[in-house]
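Colleague: Make a model of this:
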Amino acid sequence: MSPSVAVVTDSTAYLGAEATGRWNVTVVPVKVILAGHEIDDVTPFDAGLLAHALEGRSPVVTSRPSPERFAEAYERAAAGGATEIVSVHLSGALSGTVDSARLAARGAPVPVQVVDSRSIAMGLGFAVLAAARAAGAGAPAAEVAAMASRTAAASDTVFYVDTLEYLRRGGRIGRVANLLGSALSIKPLLRLADGEITVLEKVRTASRALARLEDLVVEEAGERPVDIAVQHLMAPERAETLMKGLTARLPRLVRMWVLEIGPVLGAHTGPGVLGVTIAPGAAD
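Modeller: Okay, here's the model as predicted:
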């Protein structure tokens, strides 16, 4: 029997078809326009093309889903038997996606609670999974939405980028860029805090930054049970090295995810990004 509360999210959660299928999560795609070609964030893509476009300064623009796309998702959920919907999305400080969801919710055939996760990637993904587990257990929509919000608030995302250039181009890092000035040798460690990107630490070399990233995750995880997601773009070796290091150093690791982000987030971070989301450990 399907849950009476349907869970909807957007593709920047990067959960993958297996997880969304298992937990009955509907995904509305965010899109990127790459040199005039529209790419759906849930469709397999060639990361090399994105890197080439970014390096060549070809136009790369991300595009939020229209309210009509969300309306279609809500109508399908209602037609499938849902009596309520919880729609969980990436930070409203980074995208207008949550605004589109709210507009669509006004005309939905069943009540819709829209949650701004104040996060992105698996910071959003873990919140969506928590909501889906609650819905699957029969929780009402208010409880499902609260679970998503609590999980997002209890999660932390720290990340490294090879260069701030792409974040600067996209207007996602104005205050951070001012803090760092023009010191091109700086390798920043960044944090997604309350929906916005902030500077965590400034390190002189990539190798030191990556080692410090691992240390920061271990410090943040502490002795509590945690789920960890290592996320990258065109940096599988870095991701594997970090995954192995964290697995060895986290005694209460519940589950480890390793995934490559899609073009929408990648358009803002550029290739080489390596990030980690730490969330409260949850049994599947």
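Colleague: Is it correct that Asp163 falls within a strand?
Modeller: For the record, residue 163 is Thr, not Asp. No - counting by DSSP: H, G, I helix; E, B strand; the rest coil, Thr163 falls outside a strand, being coil.
Colleague: is it true that it touches Pro271?
Modeller: No - Thr163 is beyond contact range of Pro271, at 9.6 Å (criterion: C-beta atoms under 8 Å). Quick note: C-beta positions are derived from backbone N, CA and C, even for glycine.
Colleague: so what are the domain limits for the chain?
Modeller: 5-30+65-153, 156-280 (automatic domain parsing).
Colleague: for the closest residue to Ala141 other than its chain neighbours, which residues make a bridge with it?
Modeller: Among residues not flanking Ala141 along the chain, Glu84 sits closest, at 3.8 Å (C-beta to C-beta, 6 or more residues apart in numbering). Going by DSSP bridges, Glu84 is paired in beta bridges with Val5.
Colleague: what do you get for Asp10?
Modeller: Judged by DSSP bridges, the bridge partners of Asp10 are Val28.
Colleague: The one helix or strand in the chain whose mean pLDDT sits lowest: what's the following helix or strand?
Modeller: Sorting the helices and strands of the chain by mean pLDDT, DSSP states H and E puts helix 174-180 at the bottom, at a mean of 54. On the C-terminal side of helix 174-180, the closest following helix or strand by DSSP states H and E is strand 187-193.
Colleague: Figure out how far stretch 116-127 is from the centre of its chain.
Modeller: 5 Å (C-alpha atoms, centre = their mean, to the nearest Å).
Colleague: Quick one: mean pLDDT for that stretch?
Modeller: Stretch 116-127 shows a mean pLDDT of 97.
Colleague: what about Arg169, distance to Ala229?
Modeller: 26 Å (C-beta to C-beta, to the nearest Å).
Colleague: Which residue ranges of this protein form strands?
Modeller: With strands called from DSSP state E, the chain shows them at 5-10, 25-28, 31-34, 37-40, 60-63, 84-89, 112-116, 156-160, 187-193, 196-203, 226-232, 253-260, 274-280.
Colleague: Now do the first one against strand 112-116, angle only.
Modeller: Between the axis of strand 5-10 and that of strand 112-116 there is an angle of 40 degrees, by axes from the mean of the first three to the mean of the last three C-alpha atoms, to 10 degrees.
Colleague: Export strand 5-10 to PDB, keeping only CA atoms.
Modeller: Coordinates of each C-alpha in strand 5-10 appear next as PDB, following Å, rounded to 0.1, in the frame of the first residue of the first chain:
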ATOM      1  CA  VAL A   5       1.700  11.400   2.000                       C
ATOM      2  CA  ALA A   6       3.700  11.800  -1.200                       C
ATOM      3  CA  VAL A   7       7.300  13.200  -1.100                       C
ATOM      4  CA  VAL A   8       8.500  15.400  -4.000                       C
ATOM      5  CA  THR A   9      12.000  16.900  -4.400                       C
ATOM      6  CA  ASP A  10      14.100  18.400  -7.100                       C
END
